[in-house]
Every structure is written in structure tokens, then in C-alpha cells.
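Participant: Have a look at this fold, sequence not included:
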Ligand code: C2E
Ligand code: MG
Ligand code: MG
């Protein structure tokens, strides 16, 4: 067994944290080396001294010294084999004590034994921890006193004068007290460091380093504890799940330091607004926690009625009235709050948190900057989400996705100029659920990244087949999630898939829904630029449903606007503002030199009107429904032939 494996064994037995383990390991190594080196020095010294004594006919002392050297060698060997420092130190102490007493009894060569005892005892103390050293010191002092000043002195093989004896005892006392004091202070320093370390580790393990609030782990324990208490006292607990809106923009526009300061400031204000309610909720610092990023929770113990939680939520929302000031800058940040109540909404801590989270999402979907209680509808939506998530995971692992293709026509000559790939999922759990419903779940669970890559890969593969089997010269339009705009790796992943499928980028259009665009979001712009540099064209899907200020369009490297089908649907509606939207978007696109695709064309009249407006391309059930692969091949072949 080598020293490292011995060390590991020894250290694993300590119930301590990694940092503490490291310190214990350092101390262990030091003692191990000290024991090893001192034993080697001691053995060499004893061998030399023993041999000299043997040669100079001091046989008894010589054999004694060589015997000690021999025991020392065995100790060294056992130490190397077992790594047991404590045992080696005890054996070494035994040898050194024995040697010191022997030197005192025999007087050593030319009566110089006493002089050797001082360093030997000092070594003896230093290889031990404080308390064993005290024991050894006491034992040796008593033994020397007995030998020098009592009738036991008949055991001495030499004689000491009273002055010599007193001087020896006093020097020993002084020297050893100094050694013990040094040992004691070292031991104390070690303990303090270990304690400080333990405090640090505790702080890091249970508290958020930025805000000092309890972290997710700590919060779970607190919630569990409070729920157990509420169960006994038959009380209610309110759980507020807070998510800051627009926080990402602060990070992007002002840097992470500003973002951190905002979070810190918010955590302090949160405490201030919760605290005044102490008669109502009796909160303490354990009632708050930062779960992650911009997500906070507040536990309201001892609530009388569920509605009490709304008072706390309203106070929190008021913090954001008139902007949130940090370092003299007012940020347009606010909060969405979800509330779940124990035991009304859930009795298990994890479910309670999940329900508060679901209510928070409901608040986000309802215009943000508001709070929502967990309701039956949210519970059903949550169940549905969980069902969808399960189905998506299964579909991914069992390859249950497929694509259908919707032809896009040129308004001038009805040629199929592009094909939009649309995702379908055959999983049982997702029966009757379309991409409009499962894509948002895929986005919130992170599964979308895998799905998007699958779609791109398969759509590109389909494009190469269309090119080779029916001389298709149009584009493949692929929907990608807005989530990808924050994925720095996305452009390089697209590039790799283009190369893998040997597709030239100008034959590909990526559609990103307009709602995914956030004005001024730098990461989003960078990703768009990187995609544009690849040579693929970019379309803003469902255009008109988002909040893109038209003046912003100039900043996006977009090539195409896809008019949302609701506007095409409303072309002949009585509402002037809606019926004019298509025309407005068309004019806007012309102004910025962008191509326009009208989605959801369902009637001849709509198509005729779009043509009269100068719309470039169109798609919709009137022209063609989404088609499975073989029908698409037929339709394109017919379309190409018609035009020949
Ligand atoms: P989208 O990109 O705007 O796709 C057009 C949607 O409108 C398709 O629905 C299509 O079937 C439907 N549609 C087209 N023409 C008409 C029409 O004339 N009348 C009516 N009523 N509907 C029409 P689908 O396939 O259910 O897709 C819905 C949305 O799901 C898509 O909207 C897109 O945002 C998303 N999506 C679809 N496939 C994918 C995909 O592969 N990846 C990603 N990330 N999202 C996808
Ligand atoms: Mg689309
Ligand atoms: Mg669309």
C-alpha cells in the first residue's frame, strides 16, 4: 500500500468537508514525514552511539542503544506498511523515553548522558500532539525526580551531585514547558482554522454567496421544517415564488456586475417589505431564499387565510413601482409572483414549490408584473405540461418525431419556391397535441435544443433529396426556437449540419418567431449575425404578433417577414386596424428591402388581394396543406412540370 492510498483510507473515515479533509491530510502528511525523518535520524544516531559504546567496552549501554536502533528500524518499516502515524509516534515516544531514562541511569559515555536527554525529550514531545506530549513529559519528570531525589537512586549506575540533579530537572522543566506551549499554540491554531473553514463551508453550502440568503438546499430544509410545524399547529403556510422580469436585459446592457448589484439590492428590499408584516407572518431570514439566478422565494408561516399572501405579494410588486434604482440607474425590471398555500394547494414541500412555480408562470403569461394564486386550471395546465414533457422525452429517445412539409408559392407564377418543414410527434402521450403546444414545453425544459438540431438535420437531408430527385431549386424553411438566440453554439451547430448534409447555405431559411426577439439583447443580435454570416437567410415568423418596433428592423439581419396568419385571416375584417396590417407590413418590408411571405392563405380572395398588394410568396391551406414526404415529392414534380 502506498502513502496516498493509506492517506485516502484514513481521510475517508473523517466525517468532514473536502476543505477540512485537505487540512487534515496536510497535517497527517506533516506528522508522517516528521515521524519518518526523526526515526531515521534517531536510528542512525543510536547505531553510531551504540557502536562507539560497544567498541569502547561500555557494553551494556552499547547493546541498549543498538537495541533501541533495532526497534526504531522495525517501527520505520511498520510505519511505511501501515501508514499508522499514531502508533509509530507512540512506539517512537516509547523508545525515546526508554533511551532518556537509560541515559539518566547509566550516565552515558563520560557522564554526558544528561546533555543528550534535552534534545531527545524535545523531539519526543514534538512528534506527539499536545495531550500525549503532556503525559510523556509528566511521566519522564516523575521518573527523573524519583531516580534523582528518592531512595530509588540506588538504581543509578552513576552518581550526580545535588546541584547537577537540580539543574537537570529545572532545565528539563523549562525546556519542556516551552515545547508544550509551542505545541499547544499550534494545536489551537489548527483547531481555529478548521473551525473557520467549517463555518465558511457551512456558509457556502447553505447560503447564497451573493445575497447571503438561504440557498435552494437550505430553503428546502426550512420549508420542510415549517411544514412539519404547521401540520402540528394546523396552520397555513404561503409560498411566494418570485421571478424578476427583464433581468436578463440588465445583465446584457449593463454587465453582470450591475446585475449582481440589482439582485443584492432586491434581496435587501425584499427583506424590508416582508419584515414589517411580522405581526401577520412572523417571518425571519429563513423565510427568504434565492433559488437561482433571478428566482427568489418567500415563505409566510402562520398565515390565517390564503388571501394574506396577496398582501405580501402586493408589497413586493410595489418595490418596482417607478423603476428599480441601482447605483443611480433606473432599471425597467419588475416581478412575476406565483403563490401556493399549504395545505390548500399541496402538502409536500416539493409539490408546493412546483405549484408556486406554475402559478408564477401563469403570472408571466398574464402580462407579468403581477401575482397569481395556484388554481385548478393551473393544476390542469401543469399536468398537461408534465404529460407533454414525458411524451417529448420518450419521443426523443425512441425517435418518434417526423416532419411534414408545407410548400410555399411564388405569388407571381405559383411556382413552389420554398418548403417549410413542420414538426410532428407520434408519441401516444402527445396524441392530438401539435407543435404550438409542445414546442413551448420543449423550450422551458431545454429539450428544444436537441429537437431543433434533429429538425435541421432531417430538413436538410430532405432538401438534398428534393434537389436530386425532382430538381428542386427552392429553399428549405426551418423553424428554430427563439431559445437558440441565446445559445452561442447554435451557429456552429448549424454550420456543422450544413456541411454534414452538403447543403449550400443560401438554400436554407431559418424562421424565428418575432416574439423571441428582445430589443437591445446583445446575445440575440450576435447569434443572428453569426447565422447570417453563414449565408443562411433569416425570416421573422408570425410577424406582427411581437413587439418589434418597426425602427428596430434595420438592426436585425433579417431577410424576410412572414406575416402572421391571423392578419391574413382578418384581411376582410370589419376592424380597419386589423385589415390594414397586411398592407402596413408589406409596405414596411418594401422600405427595408425585405421579402414578404403571407401565412395562412385559406381563400382565393385572400390570395388575389395579397398578389395585388405585391406580396412575394404565400402559403396556406388554399394552396397546399402540410404534406407527408411522398406527397410533397409528387406535388413538387407536378409543379415543376406545369411550369415547363
Ligand atoms: P409557424 O412556423 O407559423 O407554422 C405555420 C403553422 O400554421 C403550421 O402549424 C401550419 O400547419 C399552420 N398553417 C399554415 N397554413 C395554414 C392555414 O392556411 N390555416 C391554418 N389554420 N393553419 C395554417 P403547425 O405545424 O401546427 O406549427 C405551429 C407552430 O409550431 C409553427 O408556426 C412553429 O412556430 C412551430 N413549429 C412547427 N414546427 C417546428 C419545428 O420544427 N421547430 C420549431 N422550433 N418550431 C416549430
Ligand atoms: Mg414557421
Ligand atoms: Mg408562422
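Facilitator: Everything's here; your move. Just so it is clear, the model here is predicted, and its values are computed rather than measured. Ligands and ions are numbered 1, 2, ... in the order given.

Participant: For the stretch 151-300 of the chain, which residue gets nearest to ligand 1?
Facilitator: Using C-beta to the nearest ligand atom, the closest approach of the stretch 151-300 of the chain to ligand 1 is made by residue 248 at 20.2 Å. C-beta here means a position set from N, CA and C on the backbone, and glycine is covered the same way.

Participant: Surely that residue touches residue 522?
Facilitator: No. The pair formed by residue 248 and residue 522 falls short of the contact definition of C-beta atoms under 8 Å, at 10.4 Å.

Participant: With neighbour numbers in mind, choose between these two.
Facilitator: Set side by side, residue 248 and residue 522 give different neighbour counts by other C-beta atoms under 10 Å, the larger being at residue 248 (18 against 12).

Participant: The more buried one should be in a helix, yeah?
Facilitator: Yes. Counting by DSSP: H, G, I helix; E, B strand; the rest coil, one finds residue 248 located in a helix.

Participant: That one and ligand 3: what is the separation?
Facilitator: According to C-beta to the ion, to the nearest Å, residue 248 stands 25 Å off from ligand 3.

Participant: Now do the strands in the stretch 201-350 of the chain.
Facilitator: Secondary structure of the stretch 201-350 of the chain, counting by DSSP state E, counting those that start in this stretch: strands at 236-245, 288-292, 295-303, 324-326, 329-331, 334-342.

Participant: Residue 85 is nearest to which of these?
Facilitator: Across the strands of the stretch 201-350 of the chain, the minimum distance to residue 85, taken as C-beta to C-beta, is reached by strand 288-292, at 43.4 Å.

Participant: Just checking: what are the partner strands of that closest one?
Facilitator: Applying DSSP bridges, strand 288-292 is found paired with strand 295-303 (antiparallel).

Participant: quick one: contacts of the strand it pairs with?
Facilitator: Applying C-beta atoms under 8 Å, 6 or more residues apart in numbering, the external contacts of strand 295-303 come out as 213, 219, 222-223, 226, 229-230, 233, 235-244, 266-267, 270, 274, 280-283, 286-291, 308-309, 312, 316, 341, 353, 356.

Participant: Throw the strands of the stretch 201-350 of the chain into CSV and include mean neighbour count and mean pLDDT, thanks.
Facilitator: Rendered in CSV, the data for the strands of the stretch 201-350 of the chain read as follows (neighbours: other C-beta atoms under 10 Å; pLDDT from 0 to 100):
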stretch, mean neighbour count, mean pLDDT
strand 236-245, 24, 95
strand 288-292, 21, 93
strand 295-303, 23, 91
strand 324-326, 18, 90
strand 329-331, 15, 91
strand 334-342, 26, 96
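
Participant: These: which one's closest to residue 173?
Facilitator: Nearest to residue 173 among the strands of the stretch 201-350 of the chain is strand 288-292; the distance by C-beta to C-beta comes to 57.9 Å.

Participant: I'd like to check the angle between the closest one and strand 236-245, please.
Facilitator: Relative orientation of strand 288-292 versus strand 236-245 (axes from the mean of the first three to the mean of the last three C-alpha atoms, to 10 degrees): 50 degrees.

Participant: Please compute how far strand 288-292 lies from its chain's middle.
Facilitator: The chain centre lies 14 Å from the centre of strand 288-292; the measure is C-alpha atoms, centre = their mean, to the nearest Å.
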